[in-house]
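Peer 1: Generate a structure from the sequence data that follows.
(chains A, B and C)
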Amino acid sequence: MLNENKPVNHVAMVGDRTIPPKDARFIEIYIMGQRYKVPETLTILKAMEYAGYQFKRSCGCRGGICGACGTFYRILGDHSIYTGLACQTVVEPGMILAQTPFFPPNRADHIGILDDKMPPDEHIATLYPEIFRCVGCGTCTRTCPMGIDVMNYVALFKRGDVLEGAKVSFDCIMCGLCVVRCPANITQMEVGLAGRRMAATQLIPRSEVTRKRAEQVRAGRYEAMLAELGQMDREKLKERYTSREREPNLSEPGEWMPKDQSHL
Amino acid sequence: MPENLTHVPYYPGCSLKTKALGYERSAMDCAKTLGFEMHEIATWNCCGASYPLTKDNLMGLAAPTNILVEAEQHCNERQIDAQLITLCSFCYNALKRTDFAFKEDSAKLETLNAFLERKYQGSVKVLHYLEYLRDVIGFDNLAKLVKRDMSNIRVAPYYGCLLLKPKKEIGLDDPEEPVILHDFLEAIGCQVIDFPGQVDCCGSYLIMRNPEKVLELSHNILQEANDYGAQALVTACPLCQSNLDQSEGERHGSDHFLGVQGMPIFYFTQLLAVALGLDTEQHQFEKHCIDPKSVLSACLDDDVGESQ
Amino acid sequence: MSDGYTPEMLDLIKRVEASRPQRLAQARAGNDFPAMSMEQRKEVLNQFHPDYTTEGRRALGIGPNKDEVLPEELVDLLESRSIIEAVNPDLSEPDMETDVLVIGGGGAGTAAALTAMQEGCKVILATKLRQGDSNTVMAEGGIQAADQEPDSPYYHYLDVIGGGHFTNTHELVAAMANDAPMIIEWLESLGVMFDKHPDGRMKVRHGGGTCRKRMHSAGDMTGAEFMRVLRDETRNHNEQIKLLAFAPAIELLLDDEGKCAGAILNNMETRTYLIVKAKTTIIATGGTGRLHYRGFACTNHYGATGDGIVMAYRAGAKLCFMDSVQYHPTGTAYPEQNVGLLVTEKVRGLGAQLLNIDGEQFVFPLEPRDVESSAIIRECLSLDKGLITPTGRPGVWLDSPMIDLLHGSGTVKRELPAKYIQFQRFGIKIAELPMLVYPTLHYQNGGIWIDEHSRTEIPNLYAAGETSGGVHGRNRLMGNSLLDILVFGRRAGKAAADAVKAGIEPGTLSLAHVSRYGKTLSDTGLDRGVKSPMILPNYAIDEVKKRRWDVKSPVI
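Peer 2: Numbers count the residues shown, from 1 in each chain, chains lettered A, B, ... in the order given. Just a heads-up that it's a prediction; the model follows:
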């Protein structure tokens, strides 16, 4: 129960070992076809480690963002194939697990994607003509563990809307599960990546402000004032630190300026 | 501008966003004057263009079904009658025939729904823009809204294939003796040039592998239309428009063909916009191989009001 | 269990909802909970920050940092013998030779490889797991850079050094603050989709301890976006940058003059070693979260076992500030599946407040991280105003629903999409319900000592990124880690390339330094039979460990 036996030291500090609740039941799962008993509430990743697997492949950030642990599975008695990230998906009784330590993706040569010799829509079609083999079945969308409408971004690239396709594909963690299942053998995640890089450099305006400041840096504008700071003793530095003005939280972009502009 | 425009869900298809942008823009501008507004559904994919040749090829129905599901959702969210308007004959054909396949065989729909993990309930009515003009607006009413005098232009209606065939599944008009484009042209006040080649095939996607054939087929259609006195053609299909327009462009220099002045190939909505007195600046006349302005100069010079 | 909060927790959330209208009104009026004074900061740190106690620490008995009191888990690793002693590699015939060997394929390593390549060098990039498997991808909230009009590297410097309690190394801070705008420009030119206004102006916000809004971001997956793009760029040059994945380095090679001359890699799949002779070597192996100091959960990736630190130390490189570890104040405390995972500071930057069990604020939401963490630990363990989860973990509320109320409906979903999904998976909608958080082990503030060109004291050995130390002093501010790795990664690549171009001839390859180190361990009785580097953490339960053939050796 909450707040009984208030601890004075850290309780439950056991690193990455999950603590199953005291009354946790044990359930049966199948790891690559072999049956194991694991406590429920564990993620697939932790259940496999509980069973004794030590990952080399198929384990990365353990936090749902790197795409290393894409997993296919079925559940006993259910013909459907499900997908999920091992580090985020909780085990269920009868789960039959298979990971994809590697799957060959098709990656075109992205070497020219940043120059603007070819308009982005044409460029995508040239690098990845197989997107036009898309049959619109939607398998990729159903497979994606991040909830991205993959078919939609492929459709957007097909009709030349590279900017919108880039935005729709943005959350992609490049796990490759869609690639494995696509009947048209498209490598959606690489198409998305190429599209995003093109959109960022050719369809989204550049930050002029950044460019200007980078120029000033290259011209050595800040060297002297930074050197000056390096000469100061700790007390002087503290004084400068505590007396610095703070930009208000709700200031309008590009409008607020500090009172002291001598170090800009 | 009429208030309370009727909300009509719209499926563009790939061509309408690229090569046939003028078709879309003119259609949308005309719609507003006629009292409705075309709303592109939020998420859509390519319809696949070619409807499958075999009944069992359910994979070929996946793409159109996804579109119909999106349209159904769009309409349910807004609590309006489920319908979907299209402009491209290919898309119209694919969607209409998919819809028909489901009405004929509900097990097919069930299978598709299971595969797609979506629940299309079969409620969407697939419409062509021409259909909307005929059945909802009415050609009589259309005639009343015409502002420019089109009577000096002689226009031949060119139907192509996919707008009308197969009859049982499309049912828009008689495939051998259609009248819908004729009636349309009459409503907007043009001189209608009836000619036999109006339902001959332009060559369609043979343009990819056998452009010579397309040149030959298109030439026949254009020559015949010319012989019957047409100054221009109208069509409802981006591929027909492209095939005819470009074929003409290719042969235009030659003396054997059409003399000095070419016949522009209009999207019917481009001509509609002219008739309704709208500003046609954005309707991409400049993208045509054969410049339409030469033919329209008669009616475009006058000072008819701009679009509101 | 995908069914969200327990009934008891939902009940407690009512207190949060009750206090919210007033807190919102105060926030809109610009009245924040008061920030701490320098004295108050010192007090809370001294009493409640885990680094400031001697529990779980002991003096290191060997090497350049001998006698320094450091976390036990780290000391165990530094006072250990090398795996390489099990084999007797023939160093006379290296398997590969290159100009620049980069060890570690995260943000720093990849930036170093790209830069060295651009400068004309041949590069080998050796990574333990896949390229990109690193803490870089976990960095969510943003990257700092003084590119906006009211800002300048001068203020950035002050923020960094103040946040680091004035312990930071001047040259490193100056280098980082100065280079930052160029880094943003570089990333933008490579195709990173920064959050921008429609006219192309960067969207910037405050982070903990900043005086100007200079946090740039790309959704809530800033590091992942950088890594995707940088990795893709590396692949465009796979002739010049040879990637060896699943090939961690086991030991550095020195030559007979004590200069670094490459490393021995281990192919984890064929379980064979590879001798790589390199004119210059760059260590970019990241942090040490997976050592789980004092049993804290961590936000780090699977391979963050400090391998580079161990190898460099054995080669004689000194470390700095290794006693200082950053706890991220808001690690997930619930549900159990997500424990330890980072909840980005951006959430607080967007206006979410930290609340105790009564739904009251108890700290300014954007104190520097160590101060913020200490305040939370104090609230839970001393003032007894934290919650306890069903599995016994402590936590406080992070009131994320405030974000939509302050910035408009849909803001949470738009600005924090990955976080949104991560909680929704378990039935918690963070736009409607607050999150439960507690400090989690996050970042290694210190590391291998480097100068402003990323050079270590060992000739031809460089280090960059989390594995190096000095730039953040004793406490890193949010958004400076993504900056650190790219600034010093590029500097390492450049410095290594310059050195190569000036002419380097590695002498006879040698592992003598490893034998010497091992001998010292035995002679001084420090050898406990631990082998290092750790390579990968071992999460087997005791039942399984009992039945393993060789428990003490890392799996290689």
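Peer 1: Is B:A101 in contact with B:K108, as I believe?
Peer 2: Yes: counting by Cβ atoms under 8 Å, B:A101 does reach B:K108; the two are 5.8 Å apart. Backbone N, C-alpha and C define where each C-beta goes, glycine included.
Peer 1: Can you check which residues contact both of these two?
Peer 2: Overlap between the contact sets of B:A101 and B:K108, as judged by Cβ atoms under 8 Å, 6 or more residues apart in numbering or on different chains, is given by B:L61.
Peer 1: Could you list the low-confidence segments of the chain?
Peer 2: All of this is about chain A. Where chain A drops to pLDDT under 70, the residues are A:1-15, A:17-22.
Peer 1: other chain: chain B
Peer 2: Using pLDDT under 70, the flagged stretches of chain B are B:1-3, B:251-261, B:301-308.
Peer 1: and A:M225, what element?
Peer 2: Assigned by DSSP states H and E, A:M225 belongs to helix A:223-231.
Peer 1: Give me the buried positions along that helix.
Peer 2: Neighbour counts over helix A:223-231 (16 or more other Cβ atoms under 10 Å in any protein chain shown) mark A:M225, A:L226, A:L229 as buried.
Peer 1: Are stretch A:146-155 and chain B in contact anywhere?
Peer 2: Yes: Stretch A:146-155 is in contact with chain B by Cβ under 8 Å from any Cβ of the partner chain, via A:D149, A:M151, A:N152, A:V154, A:A155.
Peer 1: Point to the residue nearest the middle of chain C.
Peer 2: Closest to where the C-alpha atoms of chain C average out (Cα atoms, centre = their mean) is C:Y443, at 4.2 Å.
Peer 1: Look up how far chain A lies from it.
Peer 2: 15 Å (Cβ to the nearest Cβ, to the nearest Å).
Peer 1: Could you find the closest non-adjacent residue to that residue?
Peer 2: Leaving aside its chain neighbours, C:Y443 sits nearest to C:Q326 (3.9 Å; criterion: Cβ to Cβ, 6 or more residues apart in numbering or on different chains).
Peer 1: ok, that neighbour - contacts?
Peer 2: With Cβ under 8 Å, 6+ apart, C:Q326 has these contacts: C:R369, C:D370, C:H442, C:Y443, C:Q444, C:N445, C:N475, C:R476.
Peer 1: got the contact list for stretch B:279-288?
Peer 2: Contacts of stretch B:279-288 (Cβ under 8 Å, 6+ apart): B:19, B:21-22, B:25-26, B:29, B:245, B:264-265, B:270, B:273-274, B:291-293, B:300, B:306-307.
Peer 1: quick revisit: just curious, which of the buried residues of helix A:223-231 is nearest to C:R378?
Peer 2: A:L229 (32.7 Å; Cβ to Cβ).
Peer 1: What ranges does the stretch 1-150 of chain C have for its helices?
Peer 2: Under the criterion DSSP state H, counting those that start in this stretch, the stretch 1-150 of chain C contains helices at C:7-28, C:38-48, C:72-78, C:107-118.
Peer 1: Let's see which of the residues of stretch A:146-155 next to chain B end up in strands.
Peer 2: Counting by DSSP state E, no part of the residues of stretch A:146-155 next to chain B is found in strands.
Peer 1: PyMOL command to pick out the buried ones of those residues?
Peer 2: Of these, the buried ones go into a single PyMOL selection, burial set by 16+ other Cβ under 10 Å:
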select buried, chain A and resi 149+151+152+154+155
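Peer 1: Also within reach of chain C: list those from the residues of stretch A:146-155 next to chain B.
Peer 2: Within the residues of stretch A:146-155 next to chain B, nothing lies near chain C by Cβ under 8 Å from any Cβ.
Peer 1: about what we covered before: what would the buried residues of helix A:223-231 look like in TSV with distance to chain C?
Peer 2: Output for the buried residues of helix A:223-231, formatted as TSV (distance: Cβ to the nearest Cβ, whole Å):
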residue	distance to chain C
A:M225	5
A:L226	4
A:L229	6
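Peer 1: Reformat those as TSV; add distance to C:T115.
Peer 2: Shown next, in TSV, are those (distance: Cβ to Cβ, whole Å):
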residue	distance to C:T115
A:M225	26
A:L226	22
A:L229	27
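Peer 1: Would you enumerate the residues in contact with residue 100?
Peer 2: All of this refers to chain A. Contacts of A:T100 (Cβ under 8 Å, 6+ apart): A:S58, A:G70, A:T71, A:F72, A:G176, A:L177, A:V180.
Peer 1: let's do chain B instead
Peer 2: B:K168, B:E169.
Peer 1: ok, and for stretch A:76-83, which residues are buried?
Peer 2: Within stretch A:76-83, judged by 16+ other Cβ under 10 Å, the buried ones are A:Y82, A:T83.
Peer 1: now swap in stretch A:170-190 and tell me
Peer 2: A:170-182, A:184, A:186-190.
Peer 1: And the residue of the stretch 51-200 of chain A closest to chain C?
Peer 2: A:R197 (3.0 Å; Cβ to the nearest Cβ).
Peer 1: That residue should be in a strand, yeah?
Peer 2: No: the assignment for A:R197 (DSSP: H, G, I helix; E, B strand; the rest coil) gives helix, which keeps it out of a strand.
Peer 1: that older thread, which member of the residues of stretch A:146-155 next to chain B is positioned nearest C:A499?
Peer 2: Nearest member of the residues of stretch A:146-155 next to chain B to C:A499, counting by Cβ to Cβ, is A:V154, at 46.3 Å.
Peer 1: leaving aside the residues next to it on the chain, what's closest to C:G63?
Peer 2: Going by Cβ to Cβ, 6+ apart, C:G63 has C:Y313 as its nearest residue, at 5.5 Å.
Peer 1: hang on, C:M176 packs against C:N480?
Peer 2: Yes: using Cβ under 8 Å, C:M176 makes contact with C:N480 at a distance of 7.1 Å.
Peer 1: More neighbours: those two, which one.
Peer 2: C:N480 (30 against 27; other Cβ atoms under 10 Å in any protein chain shown).
Peer 1: Can you tell me how far the more buried one is from C:T110?
Peer 2: 18 Å (Cβ to Cβ, to the nearest Å).
Peer 1: give me phi/psi at the residue in chain B positioned nearest to chain C?
Peer 2: Scanning chain B for the residue nearest chain C gives B:A42, at 15.4 Å (criterion: Cβ to the nearest Cβ). In terms of degrees, to the nearest 10, the main-chain angles of B:A42 are phi -60, psi -40.
Peer 1: which ones are touching it?
Peer 2: With Cβ under 8 Å, 6+ apart, B:A42 has these contacts: B:E70, B:H74.
Peer 1: about what we covered before: thought C:S324 was touching the residue nearest to the centre of chain C, still the case?
Peer 2: No: counting by Cβ under 8 Å, C:Y443 stays clear of C:S324, with 9.6 Å between them.
Peer 1: how about the residues of chain A that lie near chain B?
Peer 2: Counting by Cβ under 8 Å from any Cβ, chain A sits next to chain B at A:134-138, A:142, A:149, A:151-152, A:154-155, A:158-161, A:183.
Peer 1: near chain A, which residues of the stretch 1-150 of chain C?
Peer 2: Counting by Cβ under 8 Å from any Cβ, the stretch 1-150 of chain C sits next to chain A at C:1-2, C:8-9, C:12, C:30, C:38, C:129-130, C:132-133, C:137-138, C:145-150.
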